[in-house]
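Colleague: Have a look at this prediction, sequence included:
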Amino acid sequence: MADNTSKQSGIFGSVKTHVSSDFSSTTTWVLIPVGIGLNATGDFIANTLKLPLFLDNIGTVLLAILVGPWAAALTGGLSNIISGMIGNPVQMAFVLTPVAMGLVGGYLARRGWFSNAKKVIVPGILLGLTSVIFSVPVVVMVFGGVTGAGMSVITSLFVASGLNIVVSALISQLIVDLIDKTIMAYAAYFIAQSVPKRYLPEQGQKVLS
C-alpha cells in the first residue's frame with residue numbers, strides 16, 4: 001500500500017514538475033498565441049484549397065518542440081475551441097485530438113526525436129496514429145463517418161466500394177493522418193530550425209542542438 005502511494009505520488013509529482021517547467025517562462029505565454037495563429041493559418045489554407053488534409057496543428061507541434069508537451073497540449077486544445085466558437089463548430093468535437101498530439105509531440109521532442117530531419121518521420125507517424133485513435137470514434141459516433149471535411153470524399157469512396165462506414169472512416173483517417181501529421185511535423189521542425197538559436201527557449205535549444 002505504501003509502495004503504491006509512493007508510486008502515485010512520484011507520477012503526479014513528475015507531471016506537476018513538467019507542467020510547471022512548461023509554463024514557468026514568459027516566452028511560453030508569448031508562443032502560445034503564435035502557435036494558435038499558425039494552426040489557424042494551416043487550417044485556412046487547407047480549407048481554401050479544398051485539400052484532403054488538415055494542416056491545423058503545425059503550431060501545436062512547434063510548441064511541442066520549443067517549449068514542451070503541456071504548453072503544446074494547451075495550444076492545440078485552445079485552437080480547436082476558438083475555431084469552434086468563431087466559425088467551425090465541428091472542431092469542438094475533436095478537442096482531445098490536438099491535446100493528445102501536443103503531449104505525444106512534446107515528450108517525443110524531449111527524447112530527441114526532433115534533433116534532425118531524418119528522425120522527424122517517427123514523430124510524424126506517431127502523431128498520425130495518435131490522431132486516428134482520438135478522431136475515428138468521434139467521426140463515426142458523432143458524425144456518422146462524414147464530417148464535411150475534404151477527407152469525407154475519401155471515406156465516401158471506400159463506402160462506395162462496399163466497405164462499411166467504420167472501416168471506411170478508419171482507413172481514410174489513417175491514410176490522411178499519416179500524411180498530414182508527417183507534413184506538419186516537418187513544417188514545425190523547419191520553422192523551429194529557422195529561428196536563430198539565441199532566440200530559442202531552453203527546451204528548443206536542447207531539442208535542436
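Modeller: Nice, I can see it. Numbers count the residues shown, from 1 in each chain.
Colleague: switch to C-alpha atoms for all contacts and neighbour counts from now on
Modeller: Fine.
Colleague: so where's this structure shaky on pLDDT?
Modeller: 1-9, 148-150 (pLDDT under 70).
Colleague: same for the longest helix along it, what does it pack against?
Modeller: When the chain is parsed with DSSP state H, its longest helix is helix 165-194. With contacts taken as 3 or more CA pairs under 8 Å, 6 or more residues apart in numbering; DSSP states H and E, helix 165-194 sits against helix 58-66, helix 121-141, helix 151-160.
Colleague: Let me know which of the ones you listed is tucked in deepest.
Modeller: helix 58-66 (a mean of 33; mean count of other CA atoms under 10 Å).
Colleague: What values do phi and psi take at Val67?
Modeller: When read as degrees, to the nearest 10, the backbone of Val67 gives phi -120, psi -60.
Colleague: how many other residues sit next to the residue lying closest to it once chain neighbours are set aside?
Modeller: Of all residues not flanking Val67 in the chain, Gln203 sits nearest, at 5.5 Å (CA to CA, 6 or more residues apart in numbering). Counted by other CA atoms under 10 Å, the residues lying close to Gln203 total 20.
Colleague: one step back: going on from the longest helix of the chain, what's the next piece of helix or strand?
Modeller: Scanning forward in sequence from helix 165-194 by DSSP states H and E, the next helix or strand is helix 202-208.
Colleague: Enumerate the positions of that following helix that are buried.
Modeller: Gln203, Gly204, Gln205, Lys206, Val207, Leu208 (16 or more other CA atoms under 10 Å).
Colleague: Tell me which two of the residues you listed sit farthest apart.
Modeller: Using CA to CA, the buried residues of helix 202-208 reach their maximum pairwise distance at Gln203 and Leu208, which is 8.5 Å.
Colleague: which stretch of helix or strand covers the residue nearest the centre of the chain?
Modeller: Nearest to the mean C-alpha position of the chain, by CA atoms, centre = their mean, lies Met101 at 3.5 Å. Assigned by DSSP H and E, Met101 falls within helix 96-110.
Colleague: Packing partners of that helix?
Modeller: helix 58-66, helix 69-86, helix 121-141, helix 202-208.
Colleague: Give me the neighbour count for Ser209.
Modeller: 12.
Colleague: Likewise for Thr41?
Modeller: The burial count for Thr41: 17, using other CA under 10 Å.
Colleague: quick one: Leu31 from Leu66, how far?
Modeller: Distance, Leu31 to Leu66, by CA to CA, to the nearest Å: 9 Å.
Colleague: likewise Gly124?
Modeller: Counting by CA to CA, the gap from Gly124 to Leu66 is 16 Å.
Colleague: go on, Val167?
Modeller: In terms of CA to CA, Val167 sits 36 Å off from Leu66.
Colleague: Including distance to Leu49, could the helices and strands packed on helix 96-110 go into CSV?
Modeller: Compiled in CSV, the helices and strands packed on helix 96-110 are given as follows (distance: least, CA to CA, whole Å):
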stretch, distance to Leu49
helix 58-66, 17
helix 69-86, 18
helix 121-141, 21
helix 202-208, 32
